[in-house]
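Visitor: With the input below, show me the fold.
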Amino acid sequence: MSRTQLPPLPPSLTLDPISTKSKEQGTIQKSYSLSSTNQTYNLPSVSSLQSGMDTRPGNLDTWPAHSEGPAPPAIGTETLQRNAEFLPKGNYKPKFLGQLESFLKKELRALGCTESKPSEKRLQAFREVFEYLIEDFKTYRPLLSAIKNEYEIMIIHQRETIRGLEPLKAMLVTVSEQCEKTLLAMKEEEKADLLEMKQENERLQGIISSLRDDKLTLNAQVVKLQHELAAEYLKYRNECDARKMLIADMNDLRAQQEDTSKNSLLETESVDAKKEDATFLRIALKKAREDIELKNQKLAQMEADYGDVVPRRDYEQLKERFYMLEKDLKKVTKDQETLMKEHSTLLDVQRKTEDERREYAKECDNMRRCATPRPRWAKCGQYIEGGEERWKELSSDKTSDDMVDILLAEITGTDIAVIQAGGGAAEEFFEGQGTGANIPKYLRCEGKIRNRRISKRDTLQLIKDVWQERISSEVETTEPEHEDMPSFLHSYLERRFGAENSTFEWAYNLQDACVRYQHDPRIALFHGILSDEVDEALYHDQQAMIHKLSDVLMSADPGNSLSVGKDVFESSIRTCFPLFSDQAITELMKLAEDEISGEKVLYKNILKEDDEGAVTLFMDKIFNFDRMERIAFVREIENNLEGKSEVKEGELRQAFMNVDPSFPGSVLDQYVSRAFGENVRTAEDTLDRATIIRRLQTGSIRRYKNKVKE
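Guide: Just a heads-up that it's a prediction; the model follows:
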């Protein structure tokens, strides 16, 4: 820190050197002079000073800040006039103080810091004035310097603290903004939940209000039914009374009729006897009138007694109906109370759910910041053979490590057990199997062969190309017997790759890929045909199914719109595959629903094939149903051969005819030849049943196509 020296004091304030020699002069009279006037002033002698008063040590007078000069010294009146010449003229500030203040004001004006605000420049000006003050106070310089140093150290410490807190302040601002964004995002996310809860609340309120309205309606119905019950009861009583009165009238009329008949008989007799006595008739008439009056009195009395009586049958019906309505009312009231309790419970659950949601949101934020993100394993289903359904089956109840092993097995075609054991690294070279006659022609070589590790896509494309060449060669050749698949594959690889080394290299790599990717049905079928375990006719049967269905659908589509109606599509399937059950046809129609546009089925998308030779799920289902039908047919053949360990050719023919008597002779010879092969040369030769069944299961063996389904 730079220090600026104050200008020297004016000469008028400089003390004469004579006055500084007081200690050297001893008892010599002391004096002082002012350089401005060059006049010497004598100080009073020591003897003239009063002991205890003038010679005692005194304190520095405090000069008030509002005053322009020091206060006059307190001296006695007896020495006032004698020392008047030593008093300063006027009331002024000390010169040094004035000089410091003027210097301070000048510096502040120069720095532009006249206002009393915190400023580094203003502090520097005051610091320099304070340093001047320390320099002049020789006695208090150490203490004042120590005080100044402590203040400086504290200021530096506070500056460093502030400098260290500035990044924290910026970070605090950033964290505050992030928290505000998070809160806004959470509010946006909760808006949908709150809206849903409000809608649910409004719905429940509507249900409650409808229940209340139903309750009021039921109460009104109960009141109305009570009035109707009273009216019906009144009608019942009137009807009962009328019925009783009618019965009584009928009885009276019957009695009167009997009396009349008796009287008429008596009258007839009396007329005959007395020849119609007039006096007797008058008496009878009077008696009849009395009887009528008596009956009328009884009728009036019965009407008065039973006028409010209701029929018991109507009363019991109304009573039973009343009980049912009262029971329904209690049930509705109970349901309403249950709904109110459920509503309260739902509100509590909503509150708890909101609290849990807040906790989970906080935990989720913490996990986003701290935890490692979990991989989205569901995306793998889009790229795995078999789609998402097969991926769900493979990854069900599996850990992340297990799913990684599954992915590696799907990608590389290596057995998952080998990968889990840690031995999944492929070898760089294959060892040649030799040139023996028992080795397939396309694998007859010796030495080391480079492992290309061909992918599944390359394998499928190569197999598709082999099949295309195979079909083309069968169409072009005129020979009745064509070469087997191993020999054809060797010829194909020679034509395509030329050099012998490349031919065997691709042959061994194709063989290895077929083993690794044998979970794929297309590769498994090709590998089975190549190893002579599966009949090649199975592949041609599948292609024939596709072409046959395509031809039938195109013939049903004369406009070439590549779509047919659902009924036409179903009838075409039944025509092409007459052995399929109704359940199988229904499943196929469900699969075809994805390609239905209006009332039309887009059969082009159902029959399409990709560049790898893969067919749609619809055609896979047809192949699966065909395989199940073949297996069921072979199982029936096996049941007919039950109990026989060795089977002759005639017995197998009889088993075929027992299962399906409509077999033509040529088809039957083909099936028997497939079962026995070259092992049987005469009709008496036998072959074990297990070998026959295995060959039938891997061959193109099915029911006769014209057989009617039962």
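Visitor: And Glu342, how far from Lys604?
Guide: As judged by CB to CB, to the nearest Å, Glu342 and Lys604 stand 54 Å apart. The C-beta positions use only the backbone N, C-alpha and C, and glycine is treated the same way.
Visitor: er, Gly98 actually
Guide: 110 Å.
Visitor: still on that earlier bit, please identify which of Glu342 and Lys604 sits among more neighbours.
Guide: Taking neighbours as other CB atoms under 10 Å, Glu342 and Lys604 compare with Lys604 leading, 15 against 12.
Visitor: Output the below-cut-off pLDDT ranges for the stretch 401-550 of the chain.
Guide: Residue ranges of the stretch 401-550 of the chain with pLDDT under 70: 412-426, 475-482.
Visitor: Which stretches in it count as strands?
Guide: 429-431, 448-450 (DSSP state E, counting those that start in this stretch).
Visitor: Tell me where the longest helix sits in the chain.
Guide: Using DSSP state H, we find that the single longest helix of the chain is helix 141-274.
Visitor: Now that Tyr671 has come up, it's in contact with Tyr704, right?
Guide: No - using CB atoms under 8 Å, Tyr671 is not in contact with Tyr704, being 10.4 Å away.
Visitor: Please enumerate the shared neighbours of those two.
Guide: Jointly contacting Tyr671 and Tyr704 under the rule CB atoms under 8 Å, 6 or more residues apart in numbering are Phe663.
Visitor: Neighbour count for those two, which is higher?
Guide: Tyr671 (21 against 14).
Visitor: The nearest residue to the more buried one once chain neighbours are set aside and Glu638: what is the separation?
Guide: Leaving out its chain neighbours, the residue that sits closest to Tyr671 by CB to CB, 6 or more residues apart in numbering is Ile701, at 5.6 Å. Distance of Ile701 to Glu638, given as CB to CB: 12 Å.
Visitor: In terms of packing, which of these two has more residues around it?
Guide: Higher neighbour count among Ile701 and Glu638: Ile701, with 22 against 16, using other CB under 10 Å.
Visitor: The more buried one contacts Arg630, correct?
Guide: Yes - contact criterion CB under 8 Å: Ile701 and Arg630 qualify, at 6.0 Å.
Visitor: which is the next helix or strand following the helix or strand hosting Tyr323?
Guide: When elements are defined using DSSP states H and E, Tyr323 is found to belong to helix 312-370. Using DSSP H and E, the helix or strand that follows helix 312-370 in sequence is helix 387-395.
Visitor: Please identify the buried residues of that next one?
Guide: 391, 394-395 (16 or more other CB atoms under 10 Å).
Visitor: Now do it: everything it contacts.
Guide: Outside helix 387-395, the residues touching it (CB under 8 Å, 6+ apart) are 377-378, 380-382, 384, 402-403, 406.
Visitor: Show me which pair in the residues you listed is furthest apart.
Guide: Pairwise distances across these (CB to CB) peak at 19.7 Å, for the pair Gln382 and Asp402.
Visitor: Give me the more crowded residue out of these two.
Guide: Per other CB under 10 Å, whichever of Gln382 and Asp402 has more neighbours is Asp402, with 14 against 9.
Visitor: pretty sure Tyr603 contacts Ser555?
Guide: No - between Tyr603 and Ser555 there is no contact under CB under 8 Å: 11.7 Å.
Visitor: which one of the two has more residues nearby?
Guide: Tyr603 (24 against 9).
Visitor: Could you tell me which residues make contact with that one?
Guide: 550, 553, 557, 562-564, 569, 595.
Visitor: So which of these sit within strands?
Guide: Judged by DSSP state E, the subset of the contacts of Tyr603 located in strands is Val564.
Visitor: can you list the contacts of Tyr603 in TSV and add neighbour count and distance to Ala499?
Guide: Below are the contacts of Tyr603 laid out as TSV (neighbours: other CB atoms under 10 Å; distance: CB to CB, whole Å):
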residue	neighbour count	distance to Ala499
Ser550	16	40
Leu553	22	46
Asp557	18	49
Leu562	15	45
Ser563	21	50
Val564	22	51
Phe569	25	51
Glu595	17	47
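Visitor: Any idea which of the contacts of Tyr603 the model trusts least?
Guide: Taken together, the contacts of Tyr603 show their lowest pLDDT at Glu595, with 68.
Visitor: Can you tell me which helices and strands the one helix or strand Ile693 maps to packs against?
Guide: Per DSSP H and E: Ile693 is located in helix 689-697. Packing contacts for helix 689-697, counted by 3 or more CB pairs under 8 Å, 6 or more residues apart in numbering; DSSP states H and E, involve helix 617-640, strand 646-648, helix 665-676.
Visitor: what helices or strands is the longest one leaning on?
Guide: If contacts are counted by 3+ CB pairs under 8 Å, 6+ apart, helix 617-640 sits against helix 537-555, helix 582-591, helix 603-607, helix 649-659, helix 689-697.
Visitor: can you give me the mean pLDDT across the last one?
Guide: If I follow you right, that is helix 689-697. Averaged over helix 689-697, pLDDT sits at 81.
Visitor: Give me the distance between the closest residue to Ile384 other than its chain neighbours and Gly381.
Guide: Nearest residue to Ile384, sequence neighbours excluded (CB to CB, 6+ apart): Trp391, at 4.8 Å. With distances taken as CB to CB, Trp391 is found 4 Å from Gly381.
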